[in-house]
Each structure stands twice: as C-alpha cells, then as structure tokens.
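Peer 1: Need a 3D model of the following:
(one chain, ligands or ions: 1)
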Amino acid sequence: MTSISPVARDADSALDPSPERIREMGAQAVDWMAAYHEAVRDLPIAPQASAAALREVLAEPLPAEGRDFTELLAVFRDVVVPGSRHNGHPRFFGYVSAPGTAVAAVADLLASALNANLPAWRSAPAPVELEHVAIDWIKEALGCDPGAGGLFTSGGSMANFTALAAARHRHCGAEVAAHGAAAHPAPLRVYTSTETHHSIHKAAALLGIGRANVREIPVDAGFRMDVDALVRAIEEDRAAGAEPFCVVANAGTVVTGAVDPLADIAAVARRYGLWMHVDACYGGFARLAPSARPLFDGLAEADSISLDPHKWLYLPADCGCLIYRDPEAARAAFTLDADYTRVTQTDPAEAFAFWDYGPDLSRRFRALKVWMTLAHAGSRAVGDAIEGNLDCARHLAELVDASADFEMLAPPGLSIFCFRYLPPSARTGSRSAADEEAIDRLNERIMVALQRAGSSYLSNASVNGRFALRGCVLNYRTTRRDMEILLDDVRRAADEVTAEAP
Ligand SMILES: *Cc1c(COP(=O)(O)O)cnc(C)c1O
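Peer 2: From the prediction side, this is the model:
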C-alpha cells in the first residue's frame with residue numbers, strides 16, 4: 001500500500017488559519033457569549049436604533065484587503081449587539097420568539113466547523129442518522145406512531161408549505177406536478193380556522209391552490225375551530241363542484257394560543273378523505289408539559305405536523321420541523337430523477353435522501369443543535385420549563401383579573417395572554433363605540449411606550465376587533481415575578497402616555 005505523505009500547509013492565512021489563530025478567534029467569541037448570556041437579563045430589550053444610523057456605521061465598499069478578527073468582533077460587540085433586540089431577555093414577550101440555548105449555540109459552531117451537508121445519507125452518514133434520532137425524539141414527544149418520519153426545515157412557514165405540497169400531490173397526482181395547477185379540473189379547497197397563521201395562505205398562493213381556496217372556518221368563544229361549521233363548508237363546497245382535499249388544524253394559534261379540537265377534526269378528515277395537517281409550530285412541544293397534554297389528543301392521527309424547535313424547544317433560529325405520519329405518502333411529491341440524485345446504495349437506510357421529502361437539496365446540520373439540547377437538558381427539564389411558561393401566563397391572567405385597571409381580552413391559551421389597560425373612566429359602567437376606539441388608541445400608545453422603555457416587551461393582536469396587548473411566554477428564564485414586573489411596567493407606560501397630550 002502506498003501511503004500519501006502529508007502536504008505541508010502554506011503559512012497561516014485568513015482563509016486557512018493556523019490552529020492557534022482558530023483557538024484565539026473561538027476563545028474571544030466564546031468569552032463574549034458567556035458574558036452575554038449572563039447580561040441578557042438586564043439589557044434594555046429593544047434597541048433605540050434607526051436604519052440610517054446603523055447604515056452610517058456599517059455600510060462600506062467591499063474591502064479588497066482583509067482585517068483582523070479582533071476588529072470585526074469589535075464591530076459585532078459595539079454595533080451589532082447594541083443594535084439588536086434581545087430575544088433572550090426574560091420579559092421579551094413579543095411574537096413567538098425563543099431565547100436560544102447556550103448548548104445549541106455551541107452545536108451551531110460545531111455543525112459549521114464540520115460543515116456537514118445533509119441532502120442524503122451518503123453525503124453525511126452520521127449526521128443523517130442523528131437527524132433521524134432527533135426526529136424520533138420529537139415524534140415521541142408528540143406521541144406519534146413509530147412509523148412516522150420527518151425532517152428539519154428552515155422554519156415553520158417552510159414546513160407548512162412542504163406539507164401542503166405533499167397534500168396537494170396526494171390529491172392531484174402527477175398531472176398537476178407535470179402541467180401545473182391549471183391541469184386540475186376542479187378548484188381545490190383547504191380548510192382552516194380564521195385564527196390560522198398567514199403562512200398557510202402564502203403556501204396556497206405559491207402552490208397554485210390560490211388564497212381564495214383557503215376557506216376560513218369560524219371559531220368558538222375559545223378561538224377553536226367550529227367543527228360543525230367545518231362539516232357544513234365541506235358539504236357546501238362538494239355540492240358546488242369544488243374538491244376539498246386538506247384541513248389544517250392549529251395546535252397553538254399565534255394570536256391567543258388556541259388548540260383546535262384535533263380528535264374531532266381528525267374524524268372529519270377521515271370521513272371526507274382529507275389530508276389533515278396540524279400547524280403545531282408554536283404549541284407542539286407543550287405536549288411535554290403534563291397540564292397541556294390532553295389538548296393534544298388526536299394529534300398523532302394527522303397526516304403531517306409542523307413544529308418549530310426554534311420556538312418552544314428554545315433553540316436559536318433557524319430550525320423548523322415537519323413530521324409525516326406516512327413518509328411514503330409524501331415521497332411522491334418531491335422525488336425526482338437526476339444524475340446527481342441517483343443513489344447506488346442498496347441498503348434502504350443508506351439509499352435514504354431528504355430530498356425525497358421536501359424541496360431542499362443542500363441542508364444545514366440543524367439536527368446537531370436539536371439533539372444536543374434535548375440530550376443535554378433531558379425532556380423532563382424541557383417539559384418543566386414549558387410548564388413554568390404556562391404557569392406564568394395563567395399567573396398573569398390571575399393578576400389581570402384581580403386588578404381594576406386591566407382586563408383580559410381572551411382566556412390565556414397555552415402561554416399566550418391578550419389583555420388591555422383600562423383608563424379610570426372605563427373601569428365602571430357601559431362603554432360606547434367611541435370609548436372602545438379611544439381605549440384601542442390608548443393601548444397602542446402604551447405598547448409603543450413600553451417597547452421604548454426597554455424593561456418589558458409586548459406585541460399586539462386584534463382580538464374580536466379590539467386592540468390587545470399580547471404576550472407569549474417562551475423562555476426558561478421567565479418567572480412569576482417577571483409577570484408582576486410586566487404589569488408594573490405597563491402601568492408606568494400608561495401613566496407616561498396619559499400625561500402627554502393625547
Ligand atoms: C411561527 C409560526 C409559523 C411560522 O413559522 P416560521 O418558523 O416563523 O416560518 C407558522 N405557524 C405558527 C402557528 C407559528 O407560530
């Protein structure tokens with residue numbers, strides 16, 4: 001056997017640095033990270049930045065010559081960090097936003113260092129096996145059957161898009177794949193509640209199904225899909241010659257955290273032969289919390305489930321996930337013949353390719369941060385943290401109910417709460433439409449003042465047409481005490497805006 005003699009490396013360079021230089025860069029970066037994770041509890045949450053000011057410091061022509069890493073880290077530390085919203089702050093309640101975990105940040109560094117690319121098993125054998133393991137753990141967390149399978153995606157929007165593509169293909173088959181949606185003789189119909197995330201409408205538009213063919217089903221007082229209305233809509237559409245093919249249920253809506261009656265919707269899907277997709281991007285991992293578990297009965301019957309590990313698994317962006325009950329049913333939608341996708345392995349596990357189950361070819365090694373976070377923390381600690389988040393939302397609702405100056409606008413759903421401030425004049429007696437509009441405007445100004453002050457952060461939602469201060473607890477750092485501080489911060493913001501001229 002001839003041995004290959006090692007080729008001496010050229011001198012240390014920016015593109016191919018020496019081990020010492022790599023250690024130096026890494027040490028500086030990790031020192032920053034350790035300090036940041038400690039400091040994030042006390043930083044002002046949102047930056048006071050303007051696009052113009054940021055551009056003035058950051059914009060420059062493409063540099064022909066390189067600069068020292070230390071100088072670049074200084075730009076990161078002095079401009080990028082202060083110009084960022086700190087999503088890991090315990091009172092950042094805006095949108096549906098995770099704090100990140102330290103172990104996942106380290107995993108991202110390792111994944112990039114290994115530079116694994118995961119289109120198929122042969123491209124990255126152990127990383128692909130690790131993705132299967134991480135997907136299996138998520139299936140277990142959701143109570144899915146062992147035969148289910150899935151993959152990580154860039155996010156929930158892409159997971160929803162991919163699920164609808166699989167559903168459309170099962171219904172329409174090769175004709176539409178070859179000739180486009182116009183080749184299908186009848187209009188298709190997707191059903192979902194009025195509370196559904198807009199990524200479903202976007203997917204319908206992009207897939208040629210059409211936004212107008214997403215039928216929004218009304219909800220009950222708890223913002224859960226009215227299943228009788230769903231059945232009526234399906235019957236109506238069938239009678240009119242349209243083709244119902246898919247129902248999208250929510251397991252945690254973004255406005256109020258509502259979980260649709262999944263088992264009832266699954267029964268309707270079975271009866272009418274519809275693909276059932278569940279958008280569990282926000283809520284899915286709450287099944288790990290004992291108090292929320294019964295809400296997810298029926299989830300495992302879905303044909304597909306979208307989840308966002310970059311939400312309630314607390315991971316840094318990006319990481320979405322799609323689970324198929326029967327992966328083979330999805331395969332036909334994505335599989336393609338090309339020279340570079342020809343697989344020569346005969347063992348089916350080694351012939352496996354993620355490109356058969358979604359639109360991507362090159363794929364990041366997202367599984368490493370999922371696997372490392374779950375393996376390092378354990379599912380019990382994650383479930384406890386989620387349970388703590390649910391408790392914080394309930395505690396906030398209790399505090400609101402017990403105070404005259406606030407009212408809830410919806411019952412708390414999972415860890416989402418929608419409420420508003422009431423000025424003294426609105427605390428007793430009846431309110432006119434003009435009063436309601438004044439309260440809306442006041443609360444909008446309170447939200448802006450609260451965000452500016454930097455100690456707590458809420459976003460907004462429209463609940464039954466009223467402006468709501470909306471929060472979502474999605475952080476292992478948040479405690480009951482933070483909910484009390486939040487209400488004090490809102491009161492302070494209310495005092496501030498009422499002192500100003502209206
Ligand atoms: C966040 C979210 C989405 C979109 O997911 P991205 O990861 O932001 O693309 C879709 N549906 C629900 C219910 C969500 O919470």
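
Peer 1: now the residue of the stretch 1-150 of the chain found nearest the ligand, nearest residue through space, not along the chain?
Peer 2: Using Cβ to the nearest ligand atom, the single residue of the stretch 1-150 of the chain nearest to the ligand is Val96, 4.6 Å away. The C-beta positions use only the backbone N, C-alpha and C, and glycine is treated the same way. Distance criterion Cβ to Cβ, 6 or more residues apart in numbering; nearest residue to Val96, sequence neighbours excluded, is Tyr282 at 4.8 Å.

Peer 1: isn't that neighbour right next to Lys311, touching?
Peer 2: Yes - using Cβ atoms under 8 Å, Tyr282 is in contact with Lys311, at 5.5 Å.

Peer 1: and for those two, which residues touch both?
Peer 2: Val96 (Cβ atoms under 8 Å, 6 or more residues apart in numbering).

Peer 1: The ligand contacts on this structure?
Peer 2: Counting by Cβ under 6 Å from any ligand atom, the residues of the chain close to the ligand are 96, 155-157, 197, 199, 252, 254, 279, 281-282, 308, 320.

Peer 1: The same query, at a cut-off of 8 Å, please.
Peer 2: Taking Cβ under 8 Å from any ligand atom as the criterion, the neighbours of the ligand within the chain are 95-96, 154-160, 196-197, 199-200, 250, 252-254, 279-283, 306, 308, 310-311, 317-318, 320.

Peer 1: okay, the residue positioned nearest the centre of the chain: pLDDT?
Peer 2: For the chain, the residue nearest the mean C-alpha position is Asp308 (4.1 Å; Cα atoms, centre = their mean). What the model reports for Asp308 is a pLDDT of 98.

Peer 1: and what of Arg342?
Peer 2: The model reports Arg342 with a pLDDT of 69.

Peer 1: Just the strands from the chain, written as ranges.
Peer 2: 149-153, 188-193, 214-217, 243-250, 275-279, 304-307, 320-324, 406-408, 416-421, 459-463, 466-472 (DSSP state E).

Peer 1: Could you export the ones you listed as a markdown table, including mean neighbour count?
Peer 2: Shown next, in a markdown table, are those (neighbours: other Cβ atoms under 10 Å):
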| stretch | mean neighbour count |
| --- | --- |
| strand 149-153 | 27 |
| strand 188-193 | 26 |
| strand 214-217 | 20 |
| strand 243-250 | 26 |
| strand 275-279 | 28 |
| strand 304-307 | 30 |
| strand 320-324 | 26 |
| strand 406-408 | 18 |
| strand 416-421 | 26 |
| strand 459-463 | 17 |
| strand 466-472 | 24 |
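
Peer 1: And those strands: which comes nearest Phe365?
Peer 2: Closest to Phe365 of the strands of the chain, according to Cβ to Cβ: strand 149-153, at 9.2 Å.

Peer 1: who does the closest residue to the ligand within the stretch 351-500 of the chain bridge with?
Peer 2: Going by Cβ to the nearest ligand atom, the ligand is nearest to Cys472 of the stretch 351-500 of the chain, at 8.9 Å. Applying DSSP bridges to Cys472 gives these bridge partners: Ile416.

Peer 1: so it makes contact with Ile416?
Peer 2: Yes - here Cys472 reaches Ile416: they are 4.8 Å apart, a contact under Cβ under 8 Å.

Peer 1: any idea which helix is longest in this protein?
Peer 2: As assigned by DSSP state H, the longest helix anywhere in the chain is helix 379-401.

Peer 1: And for it, what's in contact with it?
Peer 2: By Cβ under 8 Å, 6+ apart, helix 379-401 touches 137, 141, 257, 285-286, 288-292, 312-314, 373-374, 406-408, 411-412, 414-417, 419, 471, 473-476, 478-480, 482-484, 486-487.

Peer 1: Repeat the analysis, applying 6 Å as the threshold.
Peer 2: Applying Cβ atoms under 6 Å, 6 or more residues apart in numbering, the contact partners of helix 379-401 are 286, 288-289, 406, 408, 412, 415, 417, 419, 473, 476, 478, 480, 483, 487.

Peer 1: Selecting buried members of those in PyMOL, what would you type?
Peer 2: To isolate the buried ones among these in PyMOL, judged by 16 or more other Cβ atoms under 10 Å, type:
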select buried, resi 286+288+289+406+408+412+415+417+419+473+476+478+483+487
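
Peer 1: Identify the farthest-apart pair in the contacts of helix 379-401.
Peer 2: Farthest-apart pair in those is Leu288 and Phe406; separation 30.3 Å (Cβ to Cβ).

Peer 1: how much space between Ala177 and Arg170?
Peer 2: For Ala177, the distance to Arg170 equals 11 Å [Cβ to Cβ, to the nearest Å].

Peer 1: again but with Leu368, I slipped
Peer 2: 32 Å.

Peer 1: between these two, which one's more packed in?
Peer 2: Between Leu368 and Arg170, counting by other Cβ atoms under 10 Å, Leu368 is the more crowded of the two (23 against 18).

Peer 1: and that one, what is it in contact with?
Peer 2: 107, 111.

Peer 1: redo that, cut-off 8 Å
Peer 2: Listed by Cβ under 8 Å, 6+ apart, the contact set of Leu368 reads 107-108, 110-111, 127, 130.

Peer 1: Please narrow those residues to those residing in helices.
Peer 2: Using DSSP H, the contacts of Leu368 in helices are 107-108, 110-111, 127, 130.

Peer 1: of these, buried ones?
Peer 2: Applying 16+ other Cβ under 10 Å to those flags 107-108, 111, 127, 130 as buried.

Peer 1: ok, which pair from those residues is furthest apart?
Peer 2: Spatially, the most separated pair among those is Asp108 and Leu130, at 14.2 Å (Cβ to Cβ).
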